[in-house]
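K.L.:
What shape does this take:
(chains A and B)
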Amino acid sequence: MKVGYGVYPLQEMELKFGRHTLRIEKESEVFRYIRESDDGRVEKVLASREGKIAVNPVEPVNLPKNVTNYLEINFRNTLLIEPGHRKTFFTTFPVEIGVFTTGKGDIELIDVFSNVSLKYSLYGDPRNGVVCRYWESELFTNLPERNPLEEGVMRISIRNNFGEWVEVSRAVFNVYLMKIYYSDEMVFSNAEMEILSKASAETKFLMDTMRDGMRKSVEVFTPRKVPVVTKRFFMEWGV
Amino acid sequence: MIDLLGVKIYGDVTIGNFLIAIFIISFGVFLAKVLTTNLRRTLGDRIEKNQRELILKVVYYIIVLVAFLTALPFLGLNPSGLLVAGGITGIVLGFASQSVVSNFISGIFILWEKPVKIGDQISVAGISGYVEDIGIMSTIVRTYDGLYVRIPNNTLFTSEITNLTGNVARRFEYVIGIRYSDDIDRAVEIIKGVIEKEPFALKNPAPAVFVNDLGDSSVNIVVRIWSPVQVWYDVKMALLSRIKEELERNGIEIPFPQRVIWFANEPELKHGRDE
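P.N.:
Residues are numbered from 1 along each chain as shown, chains lettered A, B, ... in the order given. Sure thing, here's the model as predicted:
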C-alpha cells in the first residue's frame, strides 16, 4: 500500500491519508494548508517562501487535545511468563499523523490527525496515577500486518526478572523518547518491559528500527523541550 | 558637597553612609529583579510554573536580604548585634506585626506543603477560582467570573482548601429520567455507547450507568463518568446533550413531571356536540 508519509517541498500538492485529505495551495506570497475530512476542515496559512512539509506518524497522545504523555496498551490475550524468561512479542499502537513545516529555524507542528478512535484511561489511582492514551491489542508472536495509516506495530521484549510466574495484561509507556519509524508498509516502534514483581514493571523505548530503509519520524515531544526526562516508566499499579 | 556627606544624622551615621546604604539596597533590589527576569526567561517552560515561581522568589528574597544585611552597618546597625538585641523590642515588634508574621510563616508552609499550585482551581473560604500567584504574604485567586481576589496566606492556611484540580482525574454525575414505558436496558446501552465514543470519558475507572431511583414521573438513571481533570468540565458540558439527543433519536424520551388521576366514578364527559 502506498501511503503519503514523507518529506515534501513546500509547494502545491494533495495527499490522501485514509479519510483525511491534505492540500497545500499557493496564494500570492503565502501557502495555505488545508485538511478536510468528515470531522470538518482545518485551514492554516503558512507564511514561508520556501521550506519543506514533513508528514509522519507521531506519539499517539495529541488528540483530541494533549492531556498526558502516557500510552497504555492493554493486551486482549493475557500473557503468563515464567521466572527469568525473556520473549519478544509484537503488539499494535494507535497512529496519529503529524504535519510539520521546516523552514528557516525550527521545525513547527502544523496539525495532527488520526484515522482511529480515541480513548483515554487512568492507570493507578486518581491521586497518584497517570492518565493514559488507551489502546487494546493482541500480543502477537509474529509480525502482524497493519494499515500504517491506522495502526503501528510495536516490538516489545518482555523479561520476567521476578522469581515467580507473572500474569501480564498491559504495558504503560511514557511517550517522551518514543522513537517511531515508518516506511510505505509499516509504522514501527521498539520497546522493552522488565517485570520486577507481580504488580510492577519498568518500560522503555528502544532506538532500533525493524528494517533497513525505514525513516525516523519527526517527534512532537522532543527531549529538547524537556531537559530532565527519565527514559524508563515505572509501572507500580499493576501489570 | 563633601562636607554635606559628612554631616551626621544620628550617632556616627552620616548622610554619606545613609546614601551608601540606600544605594546598596537599591542595587540589591535591581540585581534581584534583573536576575529573576533572566532566570524566568532561561527556565521558560522547562519546569513547572509553580516550581519556577518558587525558585524565582527564593532567589529574589535571598539577594534582597543579603543587600539589606550588607547595608545595615552603614546605618549604624550591627547585624550580629540584632541577634541579641531581641528582648522587649522583639516582643513589641512581634505583637505589632503578628498578622504579618503569621501570613509570612503561613506562606512558607504553603509553599512547602503545596496544598495548591499556581494554575490549580481551588475553593477556599467561599472563593472559587484559579490560583494566579502564591506570594510570601498572600495568594492571588482569579475567580471564574474574572475577579481578582487576594487571600492572606494565614486565611488560606487555616481554611479548608478544596483543590478541584489536585488529582489527575475526577468524576462527575448526571441523573437522567426516562419514561416508565421505555426499555431501561436499551437506554443504558445507548448511554454507554455515547460515553464510549467520548475520548476523555475514561475507560478505567469504568463509567457506571444504572437505575438509581423509580421517581414520581420517571425512571432515574444515574451516570457516573471519570475524566482527566484538565478537561472534565468540557466533557461534562458536552456529553449530556449528546446523551439526550441519542436517547431521543432512539425513541426514548425524558418525561415531564406528571400525575395520573383516577376517578372513583368516572364523570360523564360532555361535548358541545352532545349538549
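K.L.:
quick one, what contacts B:Leu111?
P.N.:
Going by CB atoms under 8 Å, 6 or more residues apart in numbering or on different chains, B:Leu111 touches B:54, B:57, B:134. Quick note: C-beta positions are derived from backbone N, CA and C, even for glycine.
K.L.:
Where does pLDDT dip in the chain?
P.N.:
You didn't pick a chain, so chain A it is. Counting by pLDDT under 70, chain A has low-confidence residues at A:1-3, A:105, A:222-230.
K.L.:
meant chain B actually
P.N.:
Along chain B, the model assigns pLDDT under 70 to residues B:1-2, B:45-46, B:50, B:81-90, B:93-94, B:96, B:266-275.
K.L.:
Give me the contact status of the longest helix along chain B with chain A.
P.N.:
Longest among the helix segments of chain B by residue count, using DSSP state H, is helix B:15-43. No - judged by CB under 8 Å from any CB of the partner chain, helix B:15-43 makes no contact with chain A; its nearest approach is 10.0 Å.
K.L.:
helices or strands up against that helix?
P.N.:
helix B:2-5, helix B:49-71 (3 or more CB pairs under 8 Å, 6 or more residues apart in numbering or on different chains; DSSP states H and E).
K.L.:
Columns neighbour count on top of the contacts of B:Leu111, output as JSON lines?
P.N.:
Conversion of the contacts of B:Leu111 to JSON lines gives the following (neighbours: other CB atoms under 10 Å in any protein chain shown):
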{"residue": "B:Leu54", "neighbour count": "18"}
{"residue": "B:Lys57", "neighbour count": "17"}
{"residue": "B:Ile134", "neighbour count": "23"}
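K.L.:
List the beta-bridge partners for A:Val30.
P.N.:
A:Glu27 (DSSP bridges).
K.L.:
what's around it, how many residues?
P.N.:
12 (other CB atoms under 10 Å in any protein chain shown).
K.L.:
and if you look at the one 4 residues further on?
P.N.:
Here the neighbour count serves as a burial measure; for A:Ile34 (other CB under 10 Å) it reads 15.
K.L.:
again with B:Pro73
P.N.:
Neighbours of B:Pro73 using other CB under 10 Å come to 15.
K.L.:
next one: B:Thr36
P.N.:
Counted with other CB under 10 Å, B:Thr36 comes out at 19.
K.L.:
what does A:Glu145 give?
P.N.:
Burial of A:Glu145 is recorded as 11 neighbouring residues (other CB under 10 Å).
K.L.:
Helix, strand or coil: sort out it for me.
P.N.:
Following DSSP: H, G, I helix; E, B strand; the rest coil, we place A:Glu145 in the coil state.
K.L.:
which bits of chain B sit near chain A?
P.N.:
B:45-46, B:166-170, B:196-197, B:199-200, B:202-205, B:226, B:228, B:230-231.
K.L.:
Which ones among the residues you listed map onto strands?
P.N.:
Among these, the ones falling in strands (DSSP state E) are B:169-170, B:226, B:228.
K.L.:
Distance from the chain centre to the strand ranked longest in chain A, please.
P.N.:
Secondary structure of chain A per DSSP E: the longest strand is strand A:70-81. How far strand A:70-81 lies from its chain's middle: 16 Å, per CA atoms, centre = their mean, to the nearest Å.
K.L.:
Describe which strands it pairs with in its sheet and in which direction.
P.N.:
Strand pairing for strand A:70-81, using DSSP bridges, gives strand A:130-137 (parallel), strand A:166-174 (antiparallel).
K.L.:
looking at these, which is buried most?
P.N.:
Most buried of the strands paired with strand A:70-81, by mean neighbour count (mean count of other CB atoms under 10 Å in any protein chain shown): strand A:130-137, with a mean of 23.
K.L.:
is it true that A:Ala199 touches A:Trp237?
P.N.:
Yes - A:Ala199 lies in contact with A:Trp237 (CB atoms under 8 Å); the separation is 7.4 Å.
K.L.:
give the contact list for the residue nearest in space to the middle of chain A.
P.N.:
Centroid-nearest residue in chain A, with CA atoms, centre = their mean: A:Glu59, separated by 3.3 Å. With contact set as CB under 8 Å, 6+ apart, A:Glu59 has these partners: A:69, A:71, A:96, A:175, A:178, A:180, A:219-221.
K.L.:
Same check on A:Ser37?
P.N.:
Here A:Ser37 is in contact with A:19-21, A:113 (CB under 8 Å, 6+ apart).
K.L.:
One more: B:Ile195?
P.N.:
Residues in contact with B:Ile195, defined by CB under 8 Å, 6+ apart, are B:201, B:207, B:209, B:223, B:225, B:239.
K.L.:
nearest to chain A, of those?
P.N.:
Closest approach between the contacts of B:Ile195 and chain A, by CB to the nearest CB: B:Ala201, at 8.3 Å.
K.L.:
What about the closest one, how many residues nearby?
P.N.:
Count around B:Ala201 with other CB under 10 Å applied: 25.
K.L.:
Around chain B, pick out the residues from chain A.
P.N.:
Selection of chain A residues close to chain B by CB under 8 Å from any CB yields A:63-65, A:67-68, A:117-123, A:126-127, A:129-131, A:134, A:225-227.
K.L.:
about what we covered before: which other residues reach the longest strand of chain A?
P.N.:
So strand A:70-81 is contacted by A:59-61, A:87, A:89, A:91-93, A:121, A:123, A:130-139, A:154, A:158, A:160, A:165-175, A:178, A:195, A:233 (CB under 8 Å, 6+ apart).
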